[in-house]
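Participant: what would the 3D arrangement of this be:
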Amino acid sequence: MRFLAATLLLASVLGAAEPPAPRRVMAIGDSITQGGGATFATYRVVLAAKLQAAGLRCDFVGSQVTATPHGPLRHEGYGGKNAEFLAGILEAKLTAAPADILMIQAGHNHFAEEKPVPGILAATRAMVATARQRNPKVVVVIAQVTPAGKLPKYSYIPELNLALAALAKELDRPEQRVVSVDLATGFDVATDTIADRVHPNARGAEKIAQRWADALTPWLK
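Facilitator: Numbering: from 1, shown residues only. Predicted coordinates for the structure are as follows:
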């Protein structure tokens, strides 16, 4: 009995010494996800620092790399690309770098004249389906994207954001979670973007990073 008790105690100690592996997080999106180097602020760098400061462990995965003071930060951000492009590459990217959490921030890089909302929704739906196919337990977080002052090009974004929030609710299941994060509310184009009135400055990147941190925290604890 003493030997059995000692064995169980040792197993318990060894088990406690091995924390679970960090959750793998993939951020996919356009230039706002990719970041602009010296041109505009990269919210992912701020986000990673916030999560680390909160004691939340995760590994950002992807084929693209951003150099940061804390080491390389991986992602799937592509400047100038839209949701349809991202939907087309996601399966290969997730095959190469499996993820437990998928962050989707896509909605720019269309023109209002295209009436792009249905196409963006279809692409977002396809990305959720692809992520679930690769990992049935994946958590998908869909962003209501930041507004833009470049009008009328991006005048469709308010309509898109309402539709993206509704899509997240539609696709959410108890065993396969899809949630939305509102990056639009409180984001002020006049003070939170650079001169192009689209890409975030340091203040804007801070706001985006905080919203993402709040959305990711329940899944990283």
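Participant: so Val140, which state does it fall into?
Facilitator: Put simply, Val140 is strand when judged by DSSP: H, G, I helix; E, B strand; the rest coil.
Participant: which strand residues bridge it?
Facilitator: Val140 has the following beta-bridge partners by DSSP bridges: Leu102, Val178.
Participant: which residues of this structure score low on pLDDT?
Facilitator: For the chain, applying pLDDT under 70 flags the ranges 1-19.
Participant: doesn't Gly62 belong to a helix?
Facilitator: No. Judged by three-state DSSP, Gly62 forms no part of a helix; its state is coil.
Participant: thought it was touching His75?
Facilitator: Yes. Applying Cβ atoms under 8 Å, one finds Gly62 in contact with His75, separated by 4.6 Å. All C-beta atoms are positioned from the backbone trio N, CA, C, and that covers glycine.
Participant: need the overlap of contacts for those two.
Facilitator: Met26, Ala27, Ile28 (Cβ atoms under 8 Å, 6 or more residues apart in numbering).
Participant: where does the second one fall, phi/psi-wise?
Facilitator: Ala27 has phi and psi values of phi -100, psi 120 when expressed as degrees, to the nearest 10.
Participant: quick one: residues contacting it.
Facilitator: When contacts are counted by Cβ under 8 Å, 6+ apart, Ala27 touches Thr33, Arg44, Phe60, Gly62, His75, Glu76, Gly77, Met103, Gln105.
Participant: the helix or strand harbouring the fifth one: what's the following helix or strand?
Facilitator: His75 is part of strand 71-77 when elements are defined by DSSP states H and E. Scanning forward in sequence from strand 71-77, with DSSP H and E defining helices and strands, the next element found is helix 83-96.
Participant: how about Ala106: what's its closest non-neighbour residue?
Facilitator: Nearest non-adjacent residue to Ala106, counting by Cβ to Cβ, 6 or more residues apart in numbering: Ala83, 3.9 Å away.
Participant: and the gap between the one you found and Arg44?
Facilitator: Here Ala83 is placed at a distance of 18 Å from Arg44 (Cβ to Cβ, to the nearest Å).
Participant: higher neighbour count, the two?
Facilitator: Using other Cβ atoms under 10 Å as the criterion, Ala83 and Arg44 rank with Ala83 on top: 30 against 27.
Participant: hey, where'd the helices end up in this structure?
Facilitator: Remark: helices assigned in the chain by DSSP state H are 2-16, 31-34, 43-53, 83-96, 117-134, 157-171, 189-192, 202-220.
Participant: quick revisit: now, which of the shared contacts of Gly62 and His75 sits nearest Leu164?
Facilitator: Using Cβ to Cβ, Ile28 is the member of these that lies nearest Leu164, at 14.3 Å.
Participant: wait, what's in contact with Asn135?
Facilitator: Contacts of Asn135 by Cβ under 8 Å, 6+ apart are Leu94, Pro98, Ala99, Asp100.
Participant: so the second one sits right up against Arg134, yeah?
Facilitator: Yes. Applying Cβ under 8 Å as the test, Pro98 and Arg134 come out as touching, 6.5 Å apart.
Participant: tell me which of the helices of the chain lies nearest to Val181.
Facilitator: When the helices of the chain are compared by Cβ to Cβ, helix 202-220 sits nearest Val181, at 3.9 Å.
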